[in-house]
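Trainee: have a look at this prediction, sequence included:
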Amino acid sequence: PAETWQTGSAERPLQLANLLELEEAAAKVIPAAGFDYIAGGAEDEWTLRENRAAFGRKQVAQRVLTGKVVTDTATTILGSRIAMPVIIAPMGGHGIAHVSAEAGTARGAAAAGTLHTVSTVATLSLEEAAQAADGPRWFQIYLTNDDGFNAELLQRARAAGYNAIVFTVDVPVGGNRDRDRRNGFVYPAAAAPRNFLDASGRPRAIDRGFKSRLDADSIDFVKRHSGLPVVVKGVAAPDDARLALDAGAAGIQVSNHGGRQLDGTPAAFSVLPAIADAVQGRVPLIFDSGVRRGTDVFKALASGADVVALGRPVLYGLALGGWQGVQSVLQQIERELRTVMQLAGAATVDDIRRTGLIG
Ligand code: FNR
């Protein structure tokens, strides 16, 4: 019999002061080892902390005499119109946080007018996650050592109506995470990734290991087998951005996986300007790792990002309030962004992109 996993099951909107305080509240709902898996980072968690600290080294100029009034926060990314320049980053195992799993996240994203990226290691199958809500959606792939299975997943994603593939390249090996080793953490049966199960719920006989050798050919493989625009995620250096562009990436997601992979590497926000320089606006830039505040969104967009992706706070919102909790998290950061925009003299998302930072 599958073990029980007593995690979040509430369905309610959240009263939030900010997204940072959510972590403590979520720790009371998600079983401890699952919470550590979500909240933690690699080794000393220096990069995890630095992802936040780096935002503090750039400042937003206050501009209150421009005569501008915030009109809206809508934007377009790879052809999809979204209500705010904030999307949901791919994360595995939403069933660790809430019984509704990715269905709740997809519904919350749609309610807030934005898109959710469904992970390869989602609790629900990519088809189940797609059926949970209307609106744009992206599918994230990790290439396993089984190319037949990889090709099949990409074709399934296209058939299920996903609008783009996010190809994550920063897990050629699992990050060295002390908390998970200490806890002996493995995904609970309640969050076992269904993309790897057959119709009767049994694990399929495939090599689930992730490929270590990733290069331009891997990007080409994902493009050919999906027929969809491919966003290369986990780019943290200008040279990797150039390699991805040359291989035909339709977008670049600047990320250090939320500090979960290479500890001691710079904050994602620190490397964003150099990558934006290398990309020169040829493809859209998505930014993640450490975004918690409207000011962070503003600073990332002012540094060359087109949209940002939000990770952990979404799982915390899901744990505490199901789809409504996810909606609350997105609404909170949008509200904060609007306030920053008004105080910084930016009427639209395009105005933010034209704004310089101080520091
Ligand atoms: C992740 N991330 C991730 N990325 C990915 O491409 N595929 C995945 O399956 C996962 N799984 C995953 C699980 C959990 C619990 C977390 C916290 C993160 C990384 C994710 O997409 C993103 O890069 C970071 O979470 C962004 O940082 P913040 O916002 O969490 O600081």
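Mentor: Good, I have the coordinates.
Trainee: buried residues in the helix or strand where Asp240 lies?
Mentor: Element membership for Asp240 (DSSP states H and E) is helix 238-246. Of all the residues in helix 238-246, those buried under the rule 16 or more other C-beta atoms under 10 Å are 238, 240-241, 243-245. Every residue, glycine included, has its C-beta placed from N, CA and C.
Trainee: restrict these to contacts with the ligand.
Mentor: Near the ligand, taking C-beta under 6 Å from any ligand atom as the test, no member of these is found.
Trainee: now do the phi/psi pair for the residue lying farthest from the centre of the chain.
Mentor: Each residue of the chain has a distance to the centre, and by C-alpha atoms, centre = their mean the biggest one is for Leu65: 35.6 Å. Leu65 adopts backbone torsions of phi -120, psi 20, taken as degrees, to the nearest 10.
Trainee: now do Ser218
Mentor: Per degrees, to the nearest 10, the backbone of Ser218 is at phi -70, psi -40.
Trainee: equivalent analysis for Leu197, please.
Mentor: phi -100, psi 150.
Trainee: where does pLDDT dip in this protein?
Mentor: The model of the chain has pLDDT under 70 over residues 1-3.
Trainee: could you pick out the longest helix of it?
Mentor: Secondary structure of the chain per DSSP state H: the longest helix is helix 312-344.
Trainee: now that one: buried residues?
Mentor: For helix 312-344, by 16+ other C-beta under 10 Å, it's 312-334, 336-338, 340-341, 343-344.
Trainee: next one: stretch 170-184
Mentor: Result for stretch 170-184 [16+ other C-beta under 10 Å]: buried residues 170-171, 175, 177, 179-180, 183.
Trainee: ok, now stretch 35-55?
Mentor: Buried, per 16+ other C-beta under 10 Å, within stretch 35-55: 35-43, 45-48, 50-52, 54-55.
Trainee: extract the CA atoms of that stretch and return them as CSV.
Mentor: Below are the C-alpha coordinates for stretch 35-55, written out as CSV (Å, rounded to 0.1, in the frame of the first residue of the first chain):
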residue,chain,number,x,y,z
PHE,A,35,9.5,21.2,2.9
ASP,A,36,13.3,20.9,3.1
TYR,A,37,13.4,19.6,-0.5
ILE,A,38,11.4,22.6,-1.7
ALA,A,39,13.1,25.3,0.4
GLY,A,40,16.6,24.1,0.3
GLY,A,41,19.6,24.6,-2.0
ALA,A,42,22.9,23.0,-2.7
GLU,A,43,25.6,22.6,0.0
ASP,A,44,26.1,25.8,2.1
GLU,A,45,23.1,27.5,0.4
TRP,A,46,25.4,30.5,-0.3
THR,A,47,24.0,30.9,-3.8
LEU,A,48,20.5,30.4,-2.5
ARG,A,49,21.0,33.4,-0.2
GLU,A,50,23.0,35.3,-2.8
ASN,A,51,20.0,35.1,-5.2
ARG,A,52,18.1,37.4,-2.8
ALA,A,53,21.1,39.5,-1.7
ALA,A,54,22.1,40.5,-5.2
PHE,A,55,18.8,42.4,-5.7
